[in-house]
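Participant: Next one to model:
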Amino acid sequence: MMELLTSPEAWAALLTLTALEIVLGIDNVIFISVIVSRIPPVQAKRARQIGLLLALVFRIVLLTLLVWLIGLTEPVITVKNVELSWRDIILIAGGAFLIAKATHEIHGEVEASDGEPNAEPRASAFFWVILQIIVIDIVFSLDSIITAIGMAQDLEIMVTAVVIACVVMYVSSGPVARFVANHPTTKMLALAFLVLIGVALVADGFKFHIPRGYIYFAMLFSAAVELFNVLARRNRRKAARPPVS
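Facilitator: Predicted coordinates for the structure are as follows:
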């Protein structure tokens, strides 16, 4: 352990892996922020806490199962000359789930009746949200940890990077969730991001890799445009207010 603390290579690996884990965690934060927006704020906070705690637990548990994880990349079936491993199958299923969930939410936002936004959520909504967070946590954790295994050799470095990334995810999830809840148009943008992420996961499962840099650049550009729209609407509302006499 002391050798790792005094090794420049270990610190470089930790910084690089932590940055990568934080970037990969953006998808998780977006999903949790969108999915908790339909339940009351108190339950939404609990759901975020439980979801991110589970994300941390899943990542650490998966890290301790390195041999099993490496085996997940071995081909198990062949579909039209494409060899699929269990990792590929999980990514395809998780991506399809994200696409279906985001599409359902977009349909609900577009077709919602006037009275629907104020309707009381069902008692089972909280548990359904937690269940969905668990499913997507497993998908994102698997992809994240397999990436970590390919970048670092020491379990201590991987665990430390994962813990730091989950802390950053927890700190950022609250503001992101509140911003999405307070600005309905950003929720539609976030749902579009989830469709994009789902397509990328399915493509990865079928061995067609879409560089994540392109995806995150598109997300960042769209988010910047939406931020300017939010600021413009806020300034228009201020300008429309009658002057205080």
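Participant: lowest-confidence helix or strand of the chain?
Facilitator: helix 2-5 (a mean of 55; mean pLDDT, DSSP states H and E).
Participant: Okay, residue 174 and residue 106: tell me how far apart.
Facilitator: 24 Å (CB to CB, to the nearest Å). C-beta here means a position set from N, CA and C on the backbone, and glycine is covered the same way.
Participant: what helix or strand does the one residue sitting closest to the centre of the chain sit in?
Facilitator: Centrality entry for the chain: nearest residue to the mean C-alpha point is residue 28, 1.5 Å, by CA atoms, centre = their mean. Following DSSP states H and E, one finds residue 28 within helix 8-35.
Participant: Please point out which parts of that helix sit buried.
Facilitator: By 16 or more other CB atoms under 10 Å, the buried positions in helix 8-35 come out as 10, 13-14, 17-18, 20-22, 24-35.
Participant: what's the answer for stretch 200-219, then?
Facilitator: Of the residues in stretch 200-219, 200-202, 204-205, 212, 215-216, 219 count as buried by neighbour count, 16+ other CB under 10 Å.
Participant: count of residues packed around residue 227?
Facilitator: Close neighbours of residue 227, defined as other CB atoms under 10 Å, add up to 13.
Participant: moving C-terminal of the helix holding residue 28, what's the next helix or strand?
Facilitator: Per DSSP H and E, helix 8-35 leads on to helix 41-63 as the next helix or strand towards the C-terminus.
Participant: List the contacts of that next one.
Facilitator: With contacts defined as CB atoms under 8 Å, 6 or more residues apart in numbering, helix 41-63 is touched by 25, 28, 32-33, 35-37, 39, 69, 125-126, 129-130, 133-134, 137-138, 140-142, 144-145, 148, 155, 158-159, 162-163, 166, 169-170, 173-174, 177, 181.
Participant: quick one: the helix holding residue 28 to chain centroid distance?
Facilitator: On the basis of CA atoms, centre = their mean, to the nearest Å, helix 8-35 sits 10 Å off its chain's mean C-alpha point.
Participant: again, but for stretch 65-84
Facilitator: Chain-centre distance of stretch 65-84: 24 Å, with CA atoms, centre = their mean.
Participant: Equivalent analysis for stretch 54-69, please.
Facilitator: 17 Å.
Participant: per-residue confidence averaged over that stretch?
Facilitator: Mean per-residue pLDDT for stretch 54-69: 76.
Participant: now stretch 146-156
Facilitator: 66.
Participant: Equivalent analysis for stretch 95-113, please.
Facilitator: On average, the pLDDT along stretch 95-113 is 80.
Participant: May I see the buried residues of that stretch?
Facilitator: Using 16+ other CB under 10 Å as the test for burial, stretch 95-113 gives 95, 97-99, 101-102, 105-106.
Participant: Tell me how far that stretch lies from the chain's centre.
Facilitator: Here stretch 95-113 is found 16 Å from its chain centre; the criterion is CA atoms, centre = their mean.
Participant: swap in stretch 160-178?
Facilitator: 11 Å.
Participant: Could I have the CA atoms of that stretch written out in PDB?
Facilitator: Extracted C-alpha coordinates of stretch 160-178, given in PDB (Å, rounded to 0.1, in the frame of the first residue of the first chain):
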ATOM      1  CA  THR A 160     -10.500   4.700  -4.600                       C
ATOM      2  CA  ALA A 161     -11.400   6.100  -8.100                       C
ATOM      3  CA  VAL A 162     -14.800   4.600  -7.900                       C
ATOM      4  CA  VAL A 163     -15.500   6.000  -4.400                       C
ATOM      5  CA  ILE A 164     -14.400   9.500  -5.500                       C
ATOM      6  CA  ALA A 165     -16.500   9.300  -8.600                       C
ATOM      7  CA  CYS A 166     -19.600   8.200  -6.700                       C
ATOM      8  CA  VAL A 167     -19.100  11.100  -4.200                       C
ATOM      9  CA  VAL A 168     -18.900  13.600  -7.100                       C
ATOM     10  CA  MET A 169     -22.100  12.000  -8.600                       C
ATOM     11  CA  TYR A 170     -23.900  12.400  -5.200                       C
ATOM     12  CA  VAL A 171     -22.900  16.000  -4.800                       C
ATOM     13  CA  SER A 172     -23.900  16.900  -8.400                       C
ATOM     14  CA  SER A 173     -27.100  14.800  -8.500                       C
ATOM     15  CA  GLY A 174     -29.000  17.200  -6.200                       C
ATOM     16  CA  PRO A 175     -28.400  20.400  -8.200                       C
ATOM     17  CA  VAL A 176     -29.000  18.600 -11.500                       C
ATOM     18  CA  ALA A 177     -32.200  17.100 -10.300                       C
ATOM     19  CA  ARG A 178     -33.500  20.400  -9.000                       C
END
